[in-house]
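Novice: I would like to see how this sequence folds:
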Amino acid sequence: MNATAHELSTSRTLWDLVARRAGLTPDRPVFLQGDRTLTFGGLRARAERVAAGLYGMGVRPGTVVAWQLPTRIETAVLSFALARLGAVQSPVIPFYRDREVGFALRESRAEFFAVPGVWRGFDHTEMARRLGAKGIFEAYDGDGLPDGDPAVLPAPPAEGTSVRWIYWTSGTTSDPKGVLHTDRSLIAGGSCLAHALRLTADDVGSMAFPYAHIAGPDYTVMLLLYGFPAVMFEQFALPDALPEYRRHGVTVAGGSTAFYSMFLAEQRKQPGAPVIPSLRLLAGGGAPKPPEVYHAVVREMGVQLTHGYGMTEVPMITMGAPDDTVENLATTEGRPPEGMEIRIADGGEVRLRGEAVCQGYLDPAQSATAFDEDGFLRTGDLGRVTATGHLVLTGRLKDVIIRKGENISAKEIEDLLAAHPAVAEAAVVGLPDPERGELVCAVVEQPPGAAVLTLPEAVSYLRAEGLSVHKLPERLEVVDALPRNETLRKVLKYKLRERFSGTPAPEGPAAGSPAAGSPAAESPTPGS
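Specialist: Next up, the predicted model:
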């Protein structure tokens, strides 16, 4: 991190960071979208006018304002206007509907709710009314935001350690959790990302994920620290988005493993010709990265790939650095920044303590069990720290398959399957089984034109790769597309368990009954 970025990372609040960056480089762009450009100076000025408009509506320091908006310049302006006021923000992913949105509004006790009107064919304003939301107002494309005279505004917040952000976990298996953040925890998370990626003022980034995700402020902090812009994508799809990447000369792209795979798929349509000529780095996190994905990106796209580890509760925990070794970039999640403490507890759980860690949850009962006796956050992830300080994730506490008393890591099998030429992506889950407790089921998405993978072929391949016999899949399912969430495109394993649990496997070699070479057909060790 250069001296200027390091100094800016000490900003007390997000508004302080915006004001200091605007003072340094007021005319440099921060957000690019279509034909529109917003400069750092323009962000400060417009956000102050919007803050004044919100103040006229009754928004005060501490007022809870929920917003469910797509990735637009207006969304960033509104968010920083609220930061200028010291309001409490509750961002909601724009793909969420009545159940999740209603829960977030009720639990946060939001007094105002900003919506985009009709977006992608869905009427968010009508949903807000249906849910009985308070203070509904539309923030639409083209700067449909409140406006006022900044002279009416009170002084900006003086400290950044109060809770002013409520982010929502995905809620894939139950109601979402409201995660409590401060300005300082978000600045610390973004600083970690900026420090690791070794970026400069000459870079051009990209936001292909929902701004309402915790990655929104994480990434924006990086822009403010280094003074470079990002291209915003309201709707991301390839190849449709490629002209914008090329037009603006994007140098840094990514999001998560699914994004890397999408870029790779485009590159494979024209081998040897860079799909984005200006691109030099793919970076992201939020989902496991098989080593083969790293090697494929570097080999076929000719760019570096750095992957990290973060979560809604801690937006950036570790990050790979572009100048790290190939082995560490391929097989680890990188190293933590200064100030992030990682503890591997008994049983292998990763626990965290540091400024970027959230303050807990909106529900006090959830907060009571979230931290251990020393104040470390329990992540539910399993891992180990190498001699060089790099973190290796080995799975989830809830993602360990227990077959006849033996613990099996789903991630280990997934990483091996990802290198198979007939596999685009794999998800391994445990399914209930009366004899074994759980059986190992591999669900794969195949690349276009690949011959249908069979269970005996998969088992034979995994055996050759050295996988222990008791870990071999007993069932294989081939699907057109793995179910994913709408933020960082994480695979939703609970949907796979719901789909295939209690469902007899189809007859034939592709799935189902124990095949020769599967662990159900052998008993190599006691208890297997």
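
Novice: alpha carbons only for contacts and neighbour counts from here, please
Specialist: Fine.

Novice: residue ranges with poor pLDDT in this structure?
Specialist: Low-confidence segments of the chain, defined by pLDDT under 70, are located at 170-174, 405, 487-488, 502-528.

Novice: any idea which residue sits dead centre in the chain?
Specialist: Nearest to the geometric centre of the chain sits Gly286, at 3.9 Å (Cα atoms, centre = their mean).

Novice: Hmm, Gly310 and that residue touching each other?
Specialist: Yes - taking Cα atoms under 8 Å as the definition, Gly286 is a contact partner of Gly310 at 5.9 Å.

Novice: mind listing what the residue nearest to the centre of the chain touches?
Specialist: Gly286 makes contact with Gly255, Ser256, Gly308, Tyr309, Gly310, Met311, Leu488, Lys490, according to Cα atoms under 8 Å, 6 or more residues apart in numbering.

Novice: wait, what's in contact with the nearest residue to the first one once chain neighbours are set aside?
Specialist: Sequence neighbours aside, Gly284 is the residue nearest to Gly255 in space, at 4.4 Å (criterion: Cα to Cα, 6 or more residues apart in numbering). Under the criterion of Cα under 8 Å, 6+ apart, the contact list for Gly284 reads Gly254, Gly255, Ser256, Thr257, Thr306, His307, Gly308.

Novice: since we're on Ala287, how many residues are nearby?
Specialist: When counting by other Cα atoms under 10 Å, one arrives at 19 neighbours for Ala287.

Novice: now do Leu416
Specialist: Neighbours of Leu416 (other Cα under 10 Å): 18.

Novice: Can you point out the helix or strand that includes it?
Specialist: Secondary structure here is read from DSSP states H and E; on that basis Leu416 sits in helix 410-418.

Novice: again, but for Val478
Specialist: Secondary structure from DSSP H and E places Val478 in strand 475-479.

Novice: which residues does Thr379 contact?
Specialist: Residues counted as contacts of Thr379 (Cα under 8 Å, 6+ apart) are Glu349, Val350, Arg351, Leu352.

Novice: Same list (these) but as TSV, adding neighbour count.
Specialist: Formatted as TSV, those follow (neighbours: other Cα atoms under 10 Å):
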residue	neighbour count
Glu349	21
Val350	25
Arg351	21
Leu352	22
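
Novice: I'd like to know which of those is nearest to Ile401.
Specialist: Relative to Ile401, the closest of the contacts of Thr379 is Glu349; by Cα to Cα it sits at 15.6 Å.

Novice: which residues touch the closest residue to that closest one other than its chain neighbours?
Specialist: Using Cα to Cα, 6+ apart and skipping the chain neighbours, the partner closest in space to Glu349 is Leu382 (4.5 Å). The contact partners of Leu382, taken as Cα under 8 Å, 6+ apart, are Gly348, Glu349, Val350, Leu393, Thr394, Gly395, Arg396, Leu397.

Novice: Ranking by neighbours, what's the top pick from these?
Specialist: Neighbour counts for the contacts of Leu382 were taken using other Cα under 10 Å; the highest belongs to Val350, with 25 neighbours.

Novice: Dig out what the residue nearest to Gly255 forms beta bridges with.
Specialist: With beta bridges defined as DSSP bridges, Gly284 has these partners: Gly255, His307.

Novice: What separation is there between it and Lys134?
Specialist: Computed as Cα to Cα, to the nearest Å, the Gly284 to Lys134 distance reads 36 Å.

Novice: now swap in Ala104 and tell me
Specialist: Distance of Ala104 to Lys134, given as Cα to Cα: 13 Å.

Novice: the more surrounded of these two?
Specialist: Per other Cα under 10 Å, whichever of Ala104 and Lys134 has more neighbours is Ala104, with 23 against 17.

Novice: still on that earlier bit, same list, the contacts of Leu382, but as JSON lines with secondary structure and distance to Glu333 please.
Specialist: Formatted as JSON lines, the entries for the contacts of Leu382 read as follows, by DSSP: H, G, I helix; E, B strand; the rest coil; distance: Cα to Cα, whole Å:
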{"residue": "Gly348", "secondary structure": "coil", "distance to Glu333": "16"}
{"residue": "Glu349", "secondary structure": "strand", "distance to Glu333": "15"}
{"residue": "Val350", "secondary structure": "strand", "distance to Glu333": "13"}
{"residue": "Leu393", "secondary structure": "strand", "distance to Glu333": "7"}
{"residue": "Thr394", "secondary structure": "strand", "distance to Glu333": "11"}
{"residue": "Gly395", "secondary structure": "strand", "distance to Glu333": "12"}
{"residue": "Arg396", "secondary structure": "strand", "distance to Glu333": "15"}
{"residue": "Leu397", "secondary structure": "helix", "distance to Glu333": "18"}
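
Novice: tell me the two of those that are most distant?
Specialist: The span of the contacts of Leu382, defined through Cα to Cα, is set by Leu393 and Leu397 at 11.1 Å.

Novice: which neighbours do those two share?
Specialist: Shared contacts of Leu393 and Leu397 (Cα under 8 Å, 6+ apart): Asp381, Leu382.

Novice: related to what we said a few turns ago, and the contacts of Gly286, which two are furthest apart?
Specialist: Gly308 and Lys490 (14.4 Å).

Novice: So which of those two has more stuff around it?
Specialist: When Gly308 and Lys490 are compared for neighbours, Gly308 comes out ahead with 27 against 17, by other Cα under 10 Å.

Novice: Now do the contacts for that one.
Specialist: By Cα under 8 Å, 6+ apart, the residues touching Gly308 are Ala283, Gly284, Gly285, Gly286, Met316, Ile317, Thr318, Met319, Gly320, Glu333, Gly334.

Novice: Not counting sequence-adjacent ones, nearest residue to it?
Specialist: When the adjacent residues along the chain are set aside, Gly308 lies closest to Met319, with 3.9 Å between them (Cα to Cα, 6+ apart).
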